[in-house]
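> Got a predicted model here, sequence first, then my questions.
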Amino acid sequence: MCPVKLRGRVAVVTGAGSGIGKVLATRLARDGASVVVADLKNYDVAAAEIAKSANARTLGLQVDVASEDDVARMAAETMKTFGRVDILVNNAAYFAPIELRPFERIDAAEWRKVMEVNTLGVFLCCRACVPHMRSGGYGRIINLASGAAIKGVPLFLHYVASKGAVIAMTRALAREVGKDGITANALAPGFTLSESMLKHAQQLKHGEGSKASRAIARDEHPEDLVGAVSFLASEDAAFITGQTLVVDGGSAMV
Ligand SMILES: NC(=O)c1ccc[n+]([C@@H]2O[C@H](COP(=O)([O-])OP(=O)(O)OC[C@H]3O[C@@H](n4cnc5c(N)ncnc54)[C@H](O)[C@@H]3O)[C@@H](O)[C@H]2O)c1
């Protein structure tokens, strides 16, 4: 890790109050970025913890990524506090609360909820942040997808569809923002032992098979994802866009 790699950069990480998002936000802060921790809950505690552990500037904001007003406020508060937006990590998702079930038993209300957070939320955050990336002359968008959309994992069809949409959206967005020097890439983790997954017996059982399917047959932890995000957010990744980087120990090979 290079402590000055992202010095002067400002990163917005959604869903950074806990889980994978918090770990990614911590790494970007350790790389030198100022970090906005946007979440429905735990945003202030996480922001304080990240500031302390990384000796970085942070801002905790209560944000529902599916709310246009909240997302507009998130961009405005970021600009007011830090004066720029360089990196957006769209990590927030309706994921842990999902009960696994055959597709015939998914109701339309839950389908809409998953799509609102996981796809509309990504769109709204990109729409709010890209103008500031353009004016600041630097832009890195990193969207959390999932290996489940590549492999076709059963029992959460709405979630898998939403993550497939994230991959497609990332590609099309990359083409729209490339002329401004902004990159958009998707990061697809495999089944990862995040805080919420460790508490979710049904998901843990469902993910048991993942380990054996990997070339590197061990559990995946949030820390396994930080190197990819740090790289994609950096100057070094300026010519990489529209891609899906799978970080899963070699389960899905694309
Ligand atoms: N854990 C895994 O196995 C795994 C695998 C592949 C992809 N992913 C993806 O990685 C990301 C993080 O996963 P995780 O395991 O930490 O998930 P998680 O469900 O534990 O955490 C998601 C975070 O997003 C926040 N959030 C939820 N809805 C929100 C909203 N509407 N607005 C703002 N914040 C909101 C939650 O409060 C939480 O802090 C998600 O995009 C997930 O889909 C996870």
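Looks like it arrived, so ask away.
> okay, now Val160: neighbour count?
20 (other C-beta atoms under 10 Å). (C-beta placed from N, C-alpha, C; glycine too.)
> Could you do the one 5 residues further on as well?
Using other C-beta under 10 Å, Ala165 is surrounded by 18 other residues.
> Gln243 too?
There are 18 residues near Gln243, going by other C-beta under 10 Å.
> Can you give me the distance of it to the ligand?
Going from Gln243 to the ligand by C-beta to the nearest ligand atom, to the nearest Å gives 16 Å.
> Can you give me every residue that contacts the residue lying closest to that residue once chain neighbours are set aside?
Nearest-residue entry for Gln243: Asn185, 5.0 Å, with adjacent residues in sequence omitted and distances by C-beta to C-beta, 6 or more residues apart in numbering. By C-beta atoms under 8 Å, 6 or more residues apart in numbering, Asn185 lies in contact with 141-143, 170, 174, 232, 237, 240-245.
> Okay, and Asn185 sits in which element?
Per DSSP states H and E: Asn185 is located in strand 182-189.
> Which helix or strand lies directly C-terminal to that strand?
Defined by DSSP H and E, the subsequent element after strand 182-189 is helix 195-198.
> Contacts for that next one next, please.
Outside helix 195-198, the residues that touch it by C-beta under 8 Å, 6+ apart are 18-19, 95-96, 191, 203-204, 207.
> quick one: Val137 and Glu235 touch, right?
Slight slip there: residue 137 is Gly, not Val. No. With contact defined as C-beta atoms under 8 Å, Gly137 does not count as touching Glu235 (12.0 Å).
> would you put the C-alpha positions of stretch 46-59 in PDB?
The C-alpha trace of stretch 46-59 is given here as PDB (Å, rounded to 0.1, in the frame of the first residue of the first chain):
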ATOM      1  CA  ALA A  46     -18.100   4.300  10.900                       C
ATOM      2  CA  ALA A  47     -16.900   7.700   9.700                       C
ATOM      3  CA  ALA A  48     -15.300   8.400  13.100                       C
ATOM      4  CA  GLU A  49     -13.700   4.900  13.200                       C
ATOM      5  CA  ILE A  50     -12.300   5.200   9.700                       C
ATOM      6  CA  ALA A  51     -11.000   8.700  10.500                       C
ATOM      7  CA  LYS A  52      -9.200   7.400  13.500                       C
ATOM      8  CA  SER A  53      -7.800   4.200  12.100                       C
ATOM      9  CA  ALA A  54      -6.600   5.800   8.800                       C
ATOM     10  CA  ASN A  55      -5.800   9.300  10.200                       C
ATOM     11  CA  ALA A  56      -8.000  10.700   7.400                       C
ATOM     12  CA  ARG A  57     -10.700  13.200   6.900                       C
ATOM     13  CA  THR A  58     -14.200  11.600   6.700                       C
ATOM     14  CA  LEU A  59     -17.800  12.700   6.600                       C
END
